[in-house]
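In: Mind looking at a prediction? Sequence and model below.
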Amino acid sequence: MFHTLVLVAHVVVAVALIALVLVQQGKGADAGAAFGSGASATMFGSRGSASFLSRTTAILATAFFLTSLTLAYFATQTSVPKSVIERVQAEKPAETAKNGSSPTDVPQLPQK
């Protein structure tokens, strides 16, 4: 349950981080404002957007980093067998307890 919650938060933070980076102006965008394109008067003001957007980007980047580390921790904590051989070796003790014999024992053919 917690793994799913962290995974959903990770995806939401990643999408928000991508969108926020795409909204920001590049360093060369200020030259266009000097020639009267009107880009300097945005809803955050002429300088207010840099600090607000950069702070928000830093917060989202930190959240993305933390969710990445949490998901990496969850990935190392799984106890599911990764191969068929590991799965068979994990089932051997259960079969031995049920049958009383080892699964590698070969039944003997009757003698004539």
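Out: Sure thing, it's come through.
In: Need the pLDDT of E95.
Out: Predicted confidence (pLDDT) for E95: 58.
In: all helices for the chain, in order.
Out: Secondary structure of the chain (DSSP state H): helices located at 2-23, 30-34, 48-76, 84-99.
In: Which of those helices comes out lowest on mean pLDDT?
Out: helix 30-34 (a mean of 58).
In: how about the helices of the chain, which one is nearest Q111?
Out: Nearest to Q111 among these is helix 84-99 (23.1 Å), distances taken as C-beta to C-beta. All C-beta spots, glycine's among them, are computed from the backbone N, C-alpha and C.
In: hang on, the earlier thing: can I get the helices of the chain in JSON lines with mean neighbour count and distance to P110?
Out: Formatted as JSON lines, those follow (neighbours: other C-beta atoms under 10 Å; distance: least, C-beta to C-beta, whole Å):
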{"stretch": "helix 2-23", "mean neighbour count": "13", "distance to P110": "54"}
{"stretch": "helix 30-34", "mean neighbour count": "12", "distance to P110": "93"}
{"stretch": "helix 48-76", "mean neighbour count": "13", "distance to P110": "52"}
{"stretch": "helix 84-99", "mean neighbour count": "11", "distance to P110": "20"}
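In: would you turn these into TSV with distance to Q111?
Out: Output for the helices of the chain, formatted as TSV (distance: least, C-beta to C-beta, whole Å):
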stretch	distance to Q111
helix 2-23	57
helix 30-34	96
helix 48-76	54
helix 84-99	23
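In: ok, now how distant is the closest residue to H3 other than its chain neighbours from L7?
Out: Closest residue to H3 apart from its sequence neighbours, by C-beta to C-beta, 6 or more residues apart in numbering: F74 at 5.1 Å. Distance, F74 to L7, by C-beta to C-beta, to the nearest Å: 9 Å.
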